[in-house]
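**Student:** I would like the atomic coordinates for the input below:
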Amino acid sequence: MSEVAPPDNVMIEVELDVYRAANGFTARREDGLTPNGNPVGQRFVLRDAVGNWIDFDQYRHDLFERNGLRPTY
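**Tutor:** Predicted coordinates for the structure are as follows:
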C-alpha cells in the first residue's frame with residue numbers, strides 16, 4: 001500500500017520546534033531581530049522556500065492558521 005503525501009500546506013515537525021511543509025515553508029524558533037529591528041525573543045518565525053521572512057508569533061498554531069498552513073494533527 002502506497003503512502004499518500006500530505007497537502008502542500010501541512011507543516012510537519014522534522015525536529016523539535018522545527019516545521020517544514022511540502023511547499024518549502026519552514027517555521028522554527030529564532031532569536032534575533034525582525035526586519036524592522038525588533039527582538040524576536042525565541043518566537044516561531046515562518047519563512048518561505050527561499051528563506052524570506054513571512055511572519056512570526058509566540059504560538060505556532062496561530063502562526064500557521066494566519067498564513068493558511070496547518071499542523072499534522
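
**Student:** which residues does the residue nearest in space to the middle of the chain form a beta bridge with?
**Tutor:** Nearest residue to the geometric centre of the chain (CA atoms, centre = their mean): residue 27, 2.4 Å. Residues found in beta-bridge contact with residue 27 (criterion: DSSP bridges) are residue 19, residue 46.

**Student:** contacting residues for it?
**Tutor:** Applying CB atoms under 8 Å, 6 or more residues apart in numbering, we find residue 27 in contact with 11, 18, 19, 20, 44, 45, 46, 47, 60, 63, 64, 69. C-beta: built from backbone N, CA, C; applies to glycine.

**Student:** Now do the same for it: its pLDDT.
**Tutor:** On pLDDT, residue 27 comes in at 98.

**Student:** Please enumerate the helices of the protein.
**Tutor:** 60-66 (DSSP state H).

**Student:** returning to what we had before: out of the contacts of residue 27, which are buried?
**Tutor:** By neighbour count, with 16 or more other CB atoms under 10 Å, those hold 11, 19, 20, 44, 45, 46, 47, 60, 63, 64, 69 as buried.

**Student:** Test my guess that the fifth one contacts residue 25.
**Tutor:** No: judged on CB atoms under 8 Å, residue 45 makes no contact with residue 25 at a distance of 11.0 Å.

**Student:** What sits closest to residue 12 if chain neighbours are left out?
**Tutor:** Excluding the flanking residues, the one nearest residue 12 by CB to CB, 6 or more residues apart in numbering is residue 72, at 5.5 Å.

**Student:** what about the residue lying closest to residue 24 once chain neighbours are set aside, neighbour count?
**Tutor:** Closest residue in space to residue 24, ignoring its immediate chain neighbours: residue 49 at 2.6 Å, by CB to CB, 6+ apart. Neighbours of residue 49 under the rule other CB atoms under 10 Å: 11.

**Student:** in the protein, which helix or strand is least confident?
**Tutor:** strand 70-71 (a mean of 92; mean pLDDT, DSSP states H and E).

**Student:** who touches it?
**Tutor:** Contacts of strand 70-71 (CB under 8 Å, 6+ apart): 9, 10, 11, 13, 19, 60, 61, 64.

**Student:** Now for these: which two are most distant?
**Tutor:** Greatest spacing in the contacts of strand 70-71, by CB to CB: 9 and 13 (14.9 Å).
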